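Novice: I need the structure of the sequence given here:
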Amino acid sequence: MMKDVKLTPEKAVVIGRKAIISDLHIGLENYLQERGVSIPRIQIDEIVRRTKKIIEKYKIKELIIAGDLKHEFGRTLPYELKDIKYFIESIDTKISVVRGNHDNYIAHILADYGIELRDYVKVKGYYVVHGHKEVDFDRVIMGHEHPSVKMRIRGGLYSYPCYLKADNRILVLPAFSPLVSGNNILQGFISPMLKKARKIEIFGICDEVVYLGTVDDLKKLVAYY
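Specialist: Below you'll find the model as predicted:
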C-alpha cells in the first residue's frame, strides 16, 4: 500500500508534492476557556511554524487537511475564527480541506479564500477522508482517531503519537494539534472502520518513524512487562 507514500516525523503524509495532515483542532484553547480552563493561546503559532517547515522541507505544492481543522462543534468561537484565518493566510501554498466531524460552521470561512469544504480528496489512488464515517474506497488515508501508543514498562510511562496501517488499505494520521495527546490504541478505537479491521500495524513517531509491529503484538509485549 505505501510504496509511494512517505510517513514523516512531522506528522504529515507526503505523496509526491502533496502533504496531508489531520486534526489541527484550531481554537481548542478558546473552547477550554469557555469551560473554565485557562491556558495560553499558543497552539496556532506552533501549527503554522510546523506546517511551514513541512512545506519547505518537502517542497509541497498542495496541503490537504483531512478534517477537524477547527475544534468547536456547535459554532465558531471568536479566537477560533481569527486563528483559522491566520492559518490560511500564513500558508503560501494551495490548501484543500476535507470535512471532519468538528468542522461545522466553517464552509463560509473557507469560501472567503476560495477553498471548498469537501467530503474527500483523491491523491493518486488514495482517498483522503476524515474517518468518522465508513467509506467503501479501496485505499484510504484518514485522521479522526488521534492514534498514540501509551504504555507503562518497568515503572516508566511512555507515550508516542503514531501512524496506523489497517488491513493494508487504510492509513491513519496522528493528530497534528500539539495540544491533543492522542487516544491510546492499545485500549481500543473510535473510528468505525478501525473497529472492523483485522490487522493493524503501528508506526511510532519520535525523531523518526519506527515500525512497532501490530497492535496485537504490542499488547502482548506490554502484558509481559
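Novice: list the contacts of stretch 180-187.
Specialist: 23, 25, 28, 145-151, 159, 161-162, 164, 174-175, 189-190, 200, 202, 215, 218-219, 222 (C-beta atoms under 8 Å, 6 or more residues apart in numbering). Quick note: C-beta positions are derived from backbone N, CA and C, even for glycine.
Novice: cool, stretch 216-225 as well?
Specialist: With contacts defined as C-beta under 8 Å, 6+ apart, stretch 216-225 is touched by Val149, Met151, Arg152, Ile153, Arg154, Leu186, Ile202, Leu212, Gly213.
Novice: which of these has the weakest pLDDT?
Specialist: pLDDT is lowest at Ile153 among those; the value there is 68.
Novice: quick check: next helix or strand after the lengthiest helix in the chain?
Specialist: For the chain, the helix that runs over the most residues, judged by DSSP state H, is helix 43-57. Under the assignment DSSP states H and E, the closest C-terminal helix or strand after helix 43-57 is strand 62-65.
Novice: so which of the contacts of stretch 216-225 belong to strands?
Specialist: Val149, Met151, Arg152, Ile153, Ile202, Leu212, Gly213 (DSSP state E).
Novice: bridged to the second one, which residues?
Specialist: Going by DSSP bridges, Met151 is paired in beta bridges with Tyr158.
Novice: test my guess that it contacts Tyr160.
Specialist: No - look at Met151 against Tyr160 with C-beta atoms under 8 Å: they stay out of range, at 9.1 Å.
Novice: got any ranges where this structure has weak pLDDT?
Specialist: 1, 31, 73-74, 153, 223-225 (pLDDT under 70).
Novice: around the closest residue to Gly27 other than its chain neighbours, count how many other residues there are.
Specialist: Sequence neighbours aside, Glu80 is the residue nearest to Gly27 in space, at 2.7 Å (criterion: C-beta to C-beta, 6 or more residues apart in numbering). Neighbour count for Glu80, taken as other C-beta atoms under 10 Å: 25.
Novice: check the one 3 residues further on too.
Specialist: Residue crowding around Asp83 was assessed by other C-beta under 10 Å; the count is 25.
Novice: among the contacts of stretch 180-187, name the buried ones.
Specialist: Burial by neighbour count, 16 or more other C-beta atoms under 10 Å: within those this picks out 23, 25, 28, 145-151, 161-162, 164, 174-175, 189, 200, 202, 215, 218.
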